[in-house]
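[1] mind folding the following:
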Amino acid sequence: MTLPRLFDFVPLAFPAWWRKVVSIYLLHVVRAMIRKYDIVNPGLLAYWWFFPEIVSLETWRFRIFDVIDRHWDPSANRRDDRRRKQHLKYVLRTADAADATFVVSPALRDELETFGVFTYCAENGVDLERIASIDPGGHRNRVAVYAGGINGRIDFDLLNNTVKSNPEWLFIVAGGGPRLREIGDAPNLHKLGNIDYEDVLRILKASAVGIIPFRESEYVNSSSLMKLVDYLACGVKVVVTPAVHLGRMADAAGEQIFVVERSAWSDAFQGLGSVVSNEALDLSSFSVQARSSRMLGIVAEVSP
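    Numbers count the residues shown, from 1 in each chain. Sure, this is the predicted structure:
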């Protein structure tokens, strides 16, 4: 179940009266869907953290709270300290109401445990079968792709300098966001804006390198980047900054991932131009199916 698009643009942490309105609306939708589909003993997987009163309903056979990023981080468009604390309060209350709380990174686990919240770590997964089904229609050397949101995670100076210093490469940016204008124009740069996920996969499969030019921050360090798995599953090499948390991927695909200091990015693309398939990589443990199985297995053990 997802909220109408309206709720992407309005604050939900407060004011209290508005949060109450949305909570009542959600309760109505939840109960209507259970009746409509005649669901018996439904379970709940909650990504949203604003509504612990919904998570705590006796309706649910089990309750999973999945903390997929550092929701309360100031860099996540929540620079107001009061708003940040309000978000964190609802995160902790939702975790308390859940049977099991999962996080996507050790950094999130360590932070929540300082508040007394026990968590299970399960890094993000992607649909490997869907990726494998995509036909790129050909391959191109010396093409590098960034796929994802254009926001404060990106080191824009690093990205712009890398594009400028490698005129023989084509750089493709597939994604949109409030800071897209901070990526400069260049003859060897194509900014596609927001495009369908399958089109992103098709472009990646036809390219040589996927890039993650992120700056150091607690938000980035707490993230489990699905784009990293997408890149590798599409058969490209990956260039990242040291800010990116690799987790288990460092062992699974270390030879295909180049962790490059900021000062060396401009030179890192020399010798990376040929397309090398990663078909030999075993990424099965990073699939969405593997992640779901792990979560449901733990829930079966801890649920009443």
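
[2] from Phe102, how far off is the closest residue to Leu283 other than its chain neighbours?
    Distances taken as Cβ to Cβ, 6 or more residues apart in numbering put Ala233 closest to Leu283, at 5.7 Å, once the chain neighbours are dropped. Yep, even glycine has a C-beta here, placed from its N, CA and C like the rest. From Ala233 across to Phe102, the span is 22 Å (Cβ to Cβ, to the nearest Å).

[3] ditto for Tyr120
    In terms of Cβ to Cβ, Tyr120 sits 5 Å off from Phe102.

[4] okay, and the common contacts of these two?
    Met295 (Cβ atoms under 8 Å, 6 or more residues apart in numbering).

[5] ok, these two, which is more surrounded?
    Phe102 (23 against 15; other Cβ atoms under 10 Å).

[6] pretty sure the more buried one is in a strand, no?
    Yes. According to DSSP: H, G, I helix; E, B strand; the rest coil, Phe102 belongs to a strand.

[7] that one is in contact with Ala122, isn't it?
    Yes. Taking Cβ atoms under 8 Å as the definition, Phe102 is a contact partner of Ala122 at 4.9 Å.

[8] so who does Met226 touch?
    124-126.

[9] from these, which is closest to Pro52?
    Asn124 (23.3 Å; Cβ to Cβ).

[10] check what pLDDT the closest one gets.
    pLDDT for Asn124: 93.

[11] thinking again about what came up before, any shared contact partners between Phe102 and Ala122?
    Shared between the contact lists of Phe102 and Ala122 (criterion: Cβ under 8 Å, 6+ apart) are residues Met295.

[12] run through the helices of this protein in chain order.
    16-36, 52-55, 81-97, 106-113, 128-132, 156-165, 197-205, 218-221, 226-233, 249-252, 265-268, 288-302 (DSSP state H).

[13] could you dump those to CSV with distance to Trp72 and mean pLDDT?
    What follows is the helices of the chain, written out as CSV (distance: least, Cβ to Cβ, whole Å; pLDDT from 0 to 100):
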stretch, distance to Trp72, mean pLDDT
helix 16-36, 16, 87
helix 52-55, 14, 91
helix 81-97, 4, 88
helix 106-113, 9, 95
helix 128-132, 31, 95
helix 156-165, 24, 96
helix 197-205, 27, 96
helix 218-221, 10, 91
helix 226-233, 21, 95
helix 249-252, 25, 88
helix 265-268, 31, 91
helix 288-302, 22, 92
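
[14] can you lay out those helices as CSV showing distance to Ile64?
    Converted to CSV, these look like this (distance: least, Cβ to Cβ, whole Å):
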stretch, distance to Ile64
helix 16-36, 15
helix 52-55, 9
helix 81-97, 11
helix 106-113, 15
helix 128-132, 22
helix 156-165, 36
helix 197-205, 24
helix 218-221, 23
helix 226-233, 18
helix 249-252, 24
helix 265-268, 39
helix 288-302, 6
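
[15] nearest to Gly176, of the ones you listed?
    Here helix 197-205 is closest among the helices of the chain (Cβ to Cβ), at 12.0 Å.

[16] for that closest one, packing partners?
    Judged by 3 or more Cβ pairs under 8 Å, 6 or more residues apart in numbering; DSSP states H and E, the packing partners of helix 197-205 are helix 128-132, strand 143-147, strand 170-174, helix 226-233.

[17] which stretch among these comes nearest Pro15?
    So among the helices and strands packed on helix 197-205, helix 226-233 is nearest, using Cβ to Cβ, at 33.2 Å.

[18] my guess is Ala144 meets Ala174, correct?
    No. If you go by Cβ under 8 Å, Ala144 and Ala174 don't touch, sitting 11.4 Å apart.

[19] and of the contacts of Met226, the nearest to Val229?
    Closest to Val229, out of all of these and judged by Cβ to Cβ, is Val126, at 4.7 Å.

[20] one step back: give me every residue that touches the residue nearest to Leu283.
    Ala233 sits next to 126, 128, 131-132, 278, 281, 283 when contact means Cβ under 8 Å, 6+ apart.

[21] show me which of these are buried.
    Neighbour-count burial (16 or more other Cβ atoms under 10 Å) applied to the contacts of Ala233 gives 126, 128, 131, 278, 281, 283.

[22] between all of those residues, which two are separated the most?
    Val126 and Asn278 (13.9 Å).

[23] need the contact list for Glu113.
    Contacts of Glu113 (Cβ under 8 Å, 6+ apart): Thr119.

[24] could you check how far it is from Ala95?
    Glu113 sits 11 Å away from Ala95, taking Cβ to Cβ as the criterion.

[25] what touches both of those two?
    Thr119.

[26] now do the end-to-end distance for stretch 114-127.
    33 Å (Cα to Cα, to the nearest Å).
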